[in-house]
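Peer 1: How does the following fold in three dimensions:
(one chain, ligands or ions: 1)
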Amino acid sequence: MTDSPSSGEVASPEEVLAALHHELTARAEALRSGATVPSGGISFGKRVGEGTSIAIERFTDVAIHGQLLQQLTLVDEALARIAEGTYGQCTVCHRQIMAERLEVVPWAATCVACA
Ligand SMILES: [Zn+2]
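Peer 2: Numbers count the residues shown, from 1 in each chain. I've put the predicted structure just below:
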């Protein structure tokens with residue numbers, strides 16, 4: 001009897017990162033198209049509460065969009081490191097990044113000590 005991992009297939013970092021790239025791009029695009037919805041029909045002034053909630057939603061969308069793009073940059077950089085053959089190496093001290101860290105943060109560019 002061989003003890004097999006609970007999940008049959010183990011995705012390579014490249015597969016995980018490529019999937020992330022796909023998802024982040026799709027989400028950023030969805031947000032972008034949502035942000036361009038014309039704001040006609042929204043009347044401010046009567047109820048302050050409504051206007052405030054709309055403003056907060058907009059702000060959150062912009063913040064999320066920024067985070068998505070930031071994340072996308074990290075993912076793309078990790079994919080570039082895979083192509084270069086330096087993936088899994090800390091970009092600061094050049095030591096090997098712990099596998100546990102890469103499992104949780106596949107786009108990690110630095111080891112825990114340099115993070
Ligand atoms: Zn380091």
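Peer 1: ok, now how distant is the most centrally placed residue in the chain from the ion?
Peer 2: Taking CA atoms, centre = their mean, the centroid of the chain lies closest to residue 71, which sits 3.6 Å from it. Using CB to the ion, to the nearest Å, we find residue 71 at a distance of 21 Å from the ion. The way it works is simple: take the backbone N, C-alpha and C, and place the C-beta from them, glycine included.
Peer 1: next one: the helix or strand of the chain with the lowest mean pLDDT to chain centre, how far?
Peer 2: Using mean pLDDT, DSSP states H and E, helix 48-84 stands out as the lowest-scoring helix or strand of the chain, at a mean of 86. Using CA atoms, centre = their mean, to the nearest Å, the distance from the centre of helix 48-84 to the centre of the chain it belongs to is 8 Å.
Peer 1: Which neighbouring elements make contact with that helix?
Peer 2: helix 13-35 (3 or more CB pairs under 8 Å, 6 or more residues apart in numbering; DSSP states H and E).
Peer 1: any idea how far the helix it packs on is from the chain center?
Peer 2: 8 Å.
Peer 1: Tell me the residues of the protein that contact the ion?
Peer 2: 90, 92, 93, 111, 114 (CB under 5 Å from the ion).
Peer 1: Count the neighbours of the third one for me.
Peer 2: Looking back up the chat, that one is residue 93. 12 (other CB atoms under 10 Å).
Peer 1: Tell me which helix or strand it sits in.
Peer 2: Counting by DSSP states H and E, no helix or strand carries residue 93.
Peer 1: That one touches residue 111, doesn't it?
Peer 2: Yes. At 6.5 Å, residue 93 counts as touching residue 111 under the criterion of CB atoms under 8 Å.
Peer 1: Now do residue 31 against the ion, distance only.
Peer 2: Counting by CB to the ion, the separation of residue 31 from the ion is 33 Å.
Peer 1: correction: residue 103
Peer 2: 17 Å.
Peer 1: Do you know the pLDDT at that residue?
Peer 2: Predicted confidence (pLDDT) for residue 103: 90.
Peer 1: so it is in which element?
Peer 2: According to DSSP H and E, residue 103 maps onto helix 99-104.
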